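Asker: The sequence isn't on hand, but the structure is:
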Ligand SMILES: C[S@@+](CC[C@H](N)C(=O)[O-])C[C@H]1O[C@@H](n2cnc3c(N)ncnc32)[C@H](O)[C@@H]1O
């Protein structure tokens, strides 16, 4: 029985179209450069996405990367779920046999596997495009730090906006485990002072509680501000992916780790344009 990877909504296509546009532009821009080009998809899925009514099967990120006209020199796919990893391997063996030697599929937690992959690549000679497409809050801040330290990766990160917003409770009464999860997601506990203020009304015990003081826009800006603390260039126009009820679900963010101003300028110009214009 196949472990079908289900379609989230129109935002799934929006996200994948943005990624694919950037991927094509990236491969064209680096075509004649001496660097080896690597694609790293750390939440790879099966390569296929089935629509809700199961009437259609769409190409997921892994398949889209393999189908691009220009090619990467190597592809790393990471997937936690073993059935999905097997399905991905089967899809690659059937549909992309010619690239088998250029593909590594790893089963495991993206945070752990990425650390090991990134440590073993010589970033003087390699450049990478990375896609972090978690279901929710799986990406640790420490993983983003490792990505930034390579100074060689362009990153598309599907930030779990609604999961974070839900944990940031209005009355400031946040479970310890959620608090730890937010710290892990955002890298420190600065969010407590940035997104909460003291309630002007005293509580039953005559003390001041903390209350949430963060609009959707404020929270979006804060996420970008946090990314800017570790990446030298971050797009300030992330795509806000909305659910059917038009509430923000994810923030699709772009960050460049290179400290070369020319590389940053080119990457930011392409990504900024795609984020503004891609429907
Ligand atoms: C949103 S889906 C990815 C979809 C895929 N990028 C595509 O376009 O087809 C997220 C995937 O991440 C996997 N996953 C969840 N937690 C993970 C983790 N800690 N490490 C690696 N993969 C994980 C899930 O099994 C799921 O297949």
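Answerer: That came through fine. Since this is a predicted model, take the numbers as computed values, not measurements.
Asker: So for residue 197, what's the nearest residue that isn't a sequence neighbour?
Answerer: Once flanking residues are discounted, residue 197 sits nearest to residue 213: 4.3 Å by Cβ to Cβ, 6 or more residues apart in numbering. Every residue, glycine included, has its C-beta placed from N, CA and C.
Asker: for the one you found, what are its contacts?
Answerer: Residue 213 makes contact with 195, 196, 197, according to Cβ atoms under 8 Å, 6 or more residues apart in numbering.
Asker: The second one pairs with what?
Answerer: Beta-bridge partners for residue 196, by DSSP bridges, are residue 212.
Asker: what about it, how many residues close to it?
Answerer: 20 (other Cβ atoms under 10 Å).
Asker: Wait, a strand at residue 105?
Answerer: Yes. Counting by DSSP: H, G, I helix; E, B strand; the rest coil, residue 105 falls inside a strand.
Asker: how many other residues sit next to it?
Answerer: 18.
Asker: could you measure it against residue 213, distance?
Answerer: Distance of residue 105 to residue 213, computed by Cβ to Cβ, to the nearest Å: 45 Å.
Asker: gap between residue 56 and residue 81?
Answerer: Residue 56 is 22 Å from residue 81, where distance means Cβ to Cβ.
Asker: Neighbour count for those two, which is higher?
Answerer: Legend: neighbour count by other Cβ under 10 Å for residue 56 and residue 81, higher for residue 81 (15 against 10).
Asker: could you give the mean pLDDT of stretch 136-148?
Answerer: Per-region confidence: stretch 136-148 scores 98 on mean pLDDT.
Asker: let me fix that: stretch 34-51
Answerer: pLDDT averaged over stretch 34-51 gives 96.
Asker: How far does that stretch stretch from one end to the other?
Answerer: By Cα to Cα, to the nearest Å, the extent of stretch 34-51 from end to end equals 40 Å.
Asker: Does the residue nearest to residue 152 when sequence neighbours are not counted belong to a helix, a strand or coil?
Answerer: Counting by Cβ to Cβ, 6+ apart, the nearest residue to residue 152 once its immediate chain neighbours are dropped is residue 123, at 4.2 Å. Under three-state DSSP, residue 123 falls in the coil class.
Asker: Quick check, the residue in this structure closest to the ligand?
Answerer: residue 60 (2.3 Å; Cβ to the nearest ligand atom).
Asker: So for that residue, what's the pLDDT?
Answerer: Residue 60 carries a pLDDT value of 97.
Asker: Could I get the contacting residues of it?
Answerer: Contacts of residue 60 (Cβ under 8 Å, 6+ apart): 5, 16, 44, 45, 46, 47, 48, 49.
Asker: How about residue 172?
Answerer: Contacts for residue 172 were tallied using Cβ under 8 Å, 6+ apart; they are 196, 209, 210, 211, 212.
Asker: thinking the first one is in contact with residue 209, fair?
Answerer: No. With the criterion set as Cβ atoms under 8 Å, residue 196 and residue 209 do not qualify as a contacting pair; they are 9.4 Å apart.
Asker: So residue 154: helix, strand or coil?
Answerer: Assigned by three-state DSSP, the conformation of residue 154 is strand.
Asker: circling back to that earlier point, which of the contacts of residue 172 are buried?
Answerer: Using 16 or more other Cβ atoms under 10 Å as the burial test, the contacts of residue 172 include 196, 210, 211, 212 as buried.
Asker: Closest to residue 90 out of these?
Answerer: Set against residue 90, the nearest of those by Cβ to Cβ is residue 212 (46.3 Å).
Asker: now do the same end-to-end measure for stretch 144-156.
Answerer: OK, stretch 144-156 end separation, Cα to Cα: 11 Å.
Asker: Give me the distance from that stretch to the chain's centre.
Answerer: Put simply, stretch 144-156 sits 12 Å off its chain's centre (Cα atoms, centre = their mean, to the nearest Å).
Asker: Good, we can wrap up now.
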